[in-house]
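A.B. asks: my questions concern the predicted model and sequence given below.
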Amino acid sequence: RKEVEQDPGPFNVPEGATVAFNCTYSNSASQSFFWYRQDCRKEPKLLMSVYSSGNEDGRFTAQLNRASQYISLLIRDSKLSDSATYLCVVSAAGFNAGNNRKLIWGLGTSLAVNP
Amino acid sequence: NAGVTQTPKFQVLKTGQSMTLQCAQDMNHNSMYWYRQDPGMGLRLIYYSASEGTTDKGEVPNGYNVSRLNKREFSLRLESAAPSQTSVYFCASSSGLPGAQFFGPGTRLTVL
């Protein structure tokens, strides 16, 4: 099993739709989780951290399920500008606040929002 | 405030040639990183620097060297390029906030 697994998609949704992605991780000791977005041929950008209690940032909601070892990202009211690849990032052993090198990156889920 | 800048944006090398990828950040971050991104492999850390004057190997350091010239600049050198080093290279920096890394626009390198 890969350390971090994502459905590559693509997810094709119409504008205004709600879409959700899951990401599973294999290391039960992982403590920190993040979602990044990467536009085509661009650099990754931090979208949001994922907290144990779940967190929301505008139209985006992130959830963590430790028992089943997955995190999710929900996007409501999709916009054309949401079209991108969403990368799941999970901390590895030795990760701490000052040690961002201990991160495991998923391959990403591709989202296309259509007019 | 340019964030993280990288040069060059594109490069084609022949096997055995050498080159240095340049990276600079103007956010006063302590930590800097070099990644490569390949289809089907995700982002993989090559080297990182926790602070000026220190560097450490990441997941895939073979064939690369780095220099943390000062707090702003972190360069990646390929001494003898191989086709397996064809990739997109990203430099990143972080202030220490967990998981928060700021990436440069990337260098697309092809080794023939």
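C.D. replies: Noted; the coordinates are in hand.

A.B. asks: only C-alpha atoms for contact and neighbour calcs from this point on.
C.D. replies: Fine.

A.B. asks: my guess is B:Q85 contacts B:V111. True?
C.D. replies: Yes: counting by Cα atoms under 8 Å, B:V111 is a contact partner of B:Q85 at 6.7 Å.

A.B. asks: give me every residue that touches the closest residue to B:Y48 other than its chain neighbours.
C.D. replies: In space, and not counting its chain neighbours, B:Y48 is closest to B:Y33: 4.2 Å by Cα to Cα, 6 or more residues apart in numbering or on different chains. Counting by Cα atoms under 8 Å, 6 or more residues apart in numbering or on different chains, B:Y33 touches A:101, B:45-49, B:74, B:91-93.

A.B. asks: A:S28: neighbouring residues, count only.
C.D. replies: As a burial measure, the neighbour count of A:S28 was computed by other Cα atoms under 10 Å in any protein chain shown and equals 12.

A.B. asks: what's the answer for A:R59, then?
C.D. replies: By the measure other Cα under 10 Å, the count of residues near A:R59 is 12.

A.B. asks: tally of neighbours for the nearest residue to it once chain neighbours are set aside?
C.D. replies: For A:R59, the nearest residue in space outside its immediate sequence neighbours is A:R76; the separation is 5.1 Å by Cα to Cα, 6+ apart. Counted with other Cα under 10 Å, residues neighbouring A:R76 total 16.

A.B. asks: wait, isn't A:R76 in contact with A:A17?
C.D. replies: Yes: the pair A:R76 and A:A17 qualifies as a contact (Cα under 8 Å) at a distance of 6.4 Å.

A.B. asks: which elements pack onto the helix or strand where A:C88 lies?
C.D. replies: Here A:C88 sits within strand A:84-91, counting by DSSP states H and E. In this structure, strand A:84-91 makes packing contacts with strand A:4-6, strand A:33-38, strand A:103-105, strand A:109-114, judged by 3 or more Cα pairs under 8 Å, 6 or more residues apart in numbering or on different chains; DSSP states H and E.

A.B. asks: sorry, back to before: most neighbours, which of the contacts of B:Y33?
C.D. replies: B:C91 (32 neighbours).
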